[in-house]
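Trainee: The following comprises the amino acid sequence and a computationally predicted model.
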Amino acid sequence: MQSIGWAIQMLRDAESVEEVQLILKSSARAGVNAQGVTIVRLDAGGFCHYADEDAMSPLWKGQRFPVNRCISGWAMMHGQTVVVPDIRVDGRIPQEAYRPTFVRSLVMVPIRPQSPIGAIGAYWADLHGATADEVATLETLAAAAAAALVRLERPLEESPASADAMLPG
C-alpha cells in the first residue's frame, strides 16, 4: 500500500484530471481501508457527477444527481465533511439510490470546501464509525486534489520563459 505522502506527491505531479481521479480513488480506498470510493465532480448545472469509482461492486459511476438530492451535494454545499455510520438512519441519504448497493456506512469529504468543485466518498459494507485518522486522511487527499485540479484547469499563463522556449534555436 502506498503512503498518503506518496499520493500527495503524485497529485502534485499529475498531468490530467483523469490522473488525479486515478490517484485519488486508489489512495483513498487503501488509506482508509474502505470497500469503495467515488470521485464526484460538481457540474456547472448544479449536478453531482459521479466521475470515477473504485469499489467492490458498481456504485454510480457516470451518473448525475441533483446537488440537493445526494450526500455529496450536501457536503459540498455546506463545505463540511459528513460521517454517516449507518446510512439507513440518516435523512440526508437518498435511500432509493443506496438500497441496491453494498454501502452501509460512509464518509463524504468536499474538495475545496470554501468553493466546492467536487467530493471524495468512502464507503464500507458494514456499520463503520469513521475514525479521526480516516477522516483526516480523506481531508488531506481532498486538499491535495483541490490544488491539483485548480492547477490543471487554470489556463496556461504566458511567461517570458515559456515564450522563449517556443522560439527556434
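Mentor: That came through fine.

Trainee: How about the spatially most central residue of the chain: what's its closest non-neighbour residue?
Mentor: What sits nearest the mean C-alpha location of the chain, by C-alpha atoms, centre = their mean, is residue 120, with 2.4 Å. Distances taken as C-beta to C-beta, 6 or more residues apart in numbering place residue 109 nearest to residue 120, at 4.9 Å, with adjacent residues excluded. The way it works is simple: take the backbone N, C-alpha and C, and place the C-beta from them, glycine included.

Trainee: give me the number of residues near the one you found?
Mentor: Residue 109 has 27 neighbouring residues, counting by other C-beta atoms under 10 Å.

Trainee: Check whether it sits in a helix, strand or coil.
Mentor: Assigned with DSSP: H, G, I helix; E, B strand; the rest coil, residue 109 falls in the strand class.

Trainee: Tell me which other helices or strands the longest strand that the chain contains touches.
Mentor: Criterion DSSP state E: the longest strand present in the chain is strand 47-55. Judged by 3 or more C-beta pairs under 8 Å, 6 or more residues apart in numbering; DSSP states H and E, the packing partners of strand 47-55 are helix 17-32, strand 36-42, strand 64-66, helix 71-78, strand 118-124.

Trainee: strand partners of it, parallel vs antiparallel please.
Mentor: Applying DSSP bridges to the sheet, strand 47-55 is found paired with strand 36-42 (antiparallel), strand 64-66 (antiparallel).
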